[in-house]
Structures are given as structure tokens and as C-alpha cells.
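Engineer: Okay, here's the prediction I keep looking at, along with the sequence it came from:
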Amino acid sequence: MKSIRNISIDWADSFLFALTDPRAMLRNIERSRKRQFAFSFAVPIFYTLSEILSSSLLEEQSAFFSYKITYGWILSCIILIFVTVFASSVRDFISQVMGYKGNAMTLITVINYAMFPKIFLLPAVYVFYTIGFAPIFFYYFFALGLYVWSVLIAVLAISEMNQAGGGKSAVIYFAPGFITGIIVFFCVILASVGVFTWIAG
């Protein structure tokens, strides 16, 4: 019973700190890293559900909705978790290149908990859907606002983890996006050159 009680307290503290004090969230994660790591994956699972249900309010749904809320939800969870793990591994690598200790498990846990505000997208959009007042506009408005909030949580937690400034922490957080953009850019150039050469030949 003691172990179950501790997990419940850790869960409550991590969610509370994610909303109020990301630096305290990081310290709480580090006190029980393995348990927090496993439980943190509940956040992307519920976030993908919130996203699917929120987007479904914006248009009439067909019979395909039953597949979207089941198989689509499972697929979305798998993709999001894979992207989170991969991106966090890149962040861990960049952290070590910049001279910080890094810790992939902690980074994955932080990114998962940082998604928590995004779960509020569904109730926020549902209010405006119910009253029929520009639900599409508020869907994108709240999606953007909650994304910024999520990024802020992650950056502050990374700053606490590495005892680094906000600028360097932001670089670490956005590094996977920068690297992916560079790779895509060169792939497009190479593909364009290849197609042009093939046509010209």
C-alpha cells in the first residue's frame, strides 16, 4: 500500500508542478525517475484523445469516426510516443555536445508531462462549440496557446535540469526541429536536382 500511495502522490505533484512550477516538476521527477518515466506516457495517450475529439467537433462526422477514435487513436499514440522518444534522444545528444550531463529518460519524462496543458484543448473548444461561437477559430487559438505553454514548461524544466540559461535550453528543445528542417531542406534540393537531371537527360 505504501508503494501505491507514493505513486499517487508523485502523479499528483508532477501534474500540479507542470502547470505551476516546471522547475519543481523536474526536481520531483528526479526523485522517482523510473516510476515517473512509466507513468508520464499517460499524458500523450490522453492528449491524442483530446486532439481527436476536439477536431471532431469542427465538422460532421461519418461512420469513419469509430475507426478514428479507435485505430486512429492507437496509431496517433504510437507515432507521438515514437517522435517524443526520438526527439528527446536528439536533445540528450545536443545537451552532451554543449557540455551538459543530459539524461534521455528524464528528458522523455519532462516532454511527456509538458504536454499536459494540451489536454485542456477539448474542454476549451467544447465551450465555444456548445454556444456556436467560432469554434474553428478558437480551436486554433487554444491549440497555439497551449502549445506555447507546453514549450515553456519543457524549456524551464530543461533549464533546471542542466542549470543552463533560457536561451541555451530553448536551443536544446528546438534542436530536433532545426536538424529535421536542415535534413528535409537538403533532401528536397537533392531530389529536385535528381528530377531535373532525369528530365534534362
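Structural biologist: Cool, got the structure.
Engineer: Strands of this protein, residue ranges please.
Structural biologist: Here the chain has no strands by DSSP state E.
Engineer: for it, what are the low-confidence residue spans?
Structural biologist: 1-9, 11, 201 (pLDDT under 70).
Engineer: how about 90 then?
Structural biologist: Residues of the chain that meet the criterion pLDDT under 90 lie in 1-16, 28-36, 38-39, 55-72, 99-103, 130-135, 163-166, 177, 179-181, 190-201.
Engineer: Next, name the residue at the spatial heart of it.
Structural biologist: Most central in the chain under C-alpha atoms, centre = their mean is M115, positioned 4.7 Å from the mean C-alpha point.
Engineer: Tell me the spacing between that residue and I52.
Structural biologist: 15 Å (C-beta to C-beta, to the nearest Å). Heads up, the C-betas are built off the backbone N, CA and C, glycines and all.
Engineer: which residue ranges form the helices in this structure?
Structural biologist: With helices called from DSSP state H, the chain shows them at 2-20, 22-31, 33-40, 42-56, 65-67, 73-97, 104-114, 121-131, 135-162, 166-200.
Engineer: and these, which is most packed in?
Structural biologist: Among the helices of the chain, ranked by average contacts under mean count of other C-beta atoms under 10 Å, first place goes to helix 104-114 (a mean of 24).
Engineer: Could you export that helix as PDB, CA atoms only?
Structural biologist: The C-alpha trace of helix 104-114 is given here as PDB (Å, rounded to 0.1, in the frame of the first residue of the first chain):
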ATOM      1  CA  ALA A 104      17.400  10.800 -22.100                       C
ATOM      2  CA  MET A 105      15.000   9.200 -19.600                       C
ATOM      3  CA  THR A 106      14.500  12.400 -17.700                       C
ATOM      4  CA  LEU A 107      14.000  14.400 -20.900                       C
ATOM      5  CA  ILE A 108      11.400  12.000 -22.200                       C
ATOM      6  CA  THR A 109       9.500  12.300 -18.900                       C
ATOM      7  CA  VAL A 110       9.700  16.100 -19.000                       C
ATOM      8  CA  ILE A 111       8.400  16.300 -22.600                       C
ATOM      9  CA  ASN A 112       5.600  13.900 -21.700                       C
ATOM     10  CA  TYR A 113       4.500  15.900 -18.700                       C
ATOM     11  CA  ALA A 114       4.900  19.200 -20.600                       C
END
